[in-house]
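1. Okay, predicted coordinates and the sequence, questions at the end:
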Amino acid sequence: MQKLLLSFLIFAIFGFGITSYSQGYLNGPNLFSRSVCDRPITYTTGYIDPRFNYSEAKVKEDLEKAEFIWEGARGKNLFEYDPNAQLKVDFVYDRKQALNTQINQLEKKLNLDQQNLDARKEDFEKRVTAFNQQVSDLNTEIAKWNNQGGATPDEYNRLVAKQNDLVQQAQKLSEEANSLNLSAQEFNLNIGNLNQKISEFNADLGRRPEEGFYDGIKNTISIFFVPSQKELEHTLAHEMGHALGLLHIEDDRAAIMFPFASETVVASPADISALNVVCEPKSLPETIVINLLLLLQKQFGEIN
Ligand SMILES: [Zn+2]
């Protein structure tokens, strides 16, 4: 059984090596020395989950921007859109994306709530001021009639009616005050929800920092998460970098190949020198060794 596994592994490695050697290097300078950069890697768009709200045209546009990051760095056409290409770029809706959308919606709702609450408070304060003025006017009138030795029955009835009206107004104002307090409480509650969502979101980000995944065996790039235009461009370029055979650059935060999500959309000097190494022509045995290393790294989850 172990022998069988071993021969399968050797077959897989050599098969993979020879396939990519012949795929990537057919137009190379000569048969024994070829480079992955000799001819462009073709790609196409695959499944785009409608919840991303991204049209295929927009995805193509972003892919073009991402490919140009590498092409500009190398001064060469390295990628090309081809509807029949084997490498597919999928947009797979992920929980992190759902959380991000929820946070945006909550933020919008909170802003609206805050605006409504502010308007109601302003109106309430105006009514309280008007109410206080009426109370003060009534007291002045009562004092005037008292000074004159008492009001006539008609005046007395009018003043009592006014007093009753003010009591009712006070009742309404008090209800409104309660209701405003209630709104404030609801508002605080939503802030709590938002903070919880943000911390869930951050926890998720902490666990899975990259927003895409390149699968060299299935020949797919999957994008899970689109928090911003710049981050999407970065992720597409990062995954395309893996498709070229680039590995992570752990010690350069400014690199496209730094293994965490970022808004970097310019290849750093470290990216460019890694690209130059990948683009150097290689012999078939070298290609097989490189593919063996890539395969092992994929196996142990170091590439994503
Ligand atoms: Zn990666």
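-> Yep, that arrived.

2. what does the average pLDDT come to for the longest strand seen in the chain?
-> Longest strand in the chain by number of residues (criterion: DSSP state E): strand 41-48. The average of the pLDDT scores along strand 41-48 is 95.

3. Which strands and helices lie in contact with that strand?
-> Packed against strand 41-48 by the contact rule (3 or more CB pairs under 8 Å, 6 or more residues apart in numbering; DSSP states H and E) you find helix 56-74, strand 79-81, strand 87-91, helix 229-244. Just so you know, the C-beta spots here come from the backbone N, C-alpha and C atoms, and that holds for glycine as well.

4. For it, which strands pair with it and how are they oriented?
-> If you go by DSSP bridges, strand 41-48 pairs up with strand 79-81 (parallel), strand 87-91 (parallel).

5. can those strands go into JSON lines with extra columns for mean neighbour count and distance to L117?
-> Listed next are these as JSON lines, based on neighbours: other CB atoms under 10 Å; distance: least, CB to CB, whole Å:
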{"stretch": "strand 79-81", "mean neighbour count": "17", "distance to L117": "50"}
{"stretch": "strand 87-91", "mean neighbour count": "22", "distance to L117": "38"}
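
6. now the ones you listed as CSV including distance to D137 and mean pLDDT?
-> Formatted as CSV, the strands paired with strand 41-48 follow (distance: least, CB to CB, whole Å; pLDDT from 0 to 100):
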stretch, distance to D137, mean pLDDT
strand 79-81, 78, 96
strand 87-91, 67, 95
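
7. quick one, which of those is nearest to D165?
-> D165 lies closest to strand 87-91 among the strands paired with strand 41-48, at 63.4 Å (CB to CB).

8. Now do the closest one: distance to the chain's middle.
-> Offset of strand 87-91 from its chain centre (CA atoms, centre = their mean, to the nearest Å): 18 Å.

9. How about residues contacting that strand?
-> Contacting residues not belonging to strand 87-91 are listed as 41-49, 52, 54, 59, 63, 219-223, 226, 236, 239, 243 [CB atoms under 8 Å, 6 or more residues apart in numbering].

10. Alpha carbons of that strand, in CSV - could you do that?
-> Output in CSV follows, covering the C-alpha atoms of strand 87-91 (Å, rounded to 0.1, in the frame of the first residue of the first chain):
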residue,chain,number,x,y,z
LEU,A,87,-7.5,28.7,-14.6
LYS,A,88,-10.8,30.0,-13.2
VAL,A,89,-11.4,32.9,-10.8
ASP,A,90,-14.3,32.3,-8.5
PHE,A,91,-16.0,34.6,-6.1
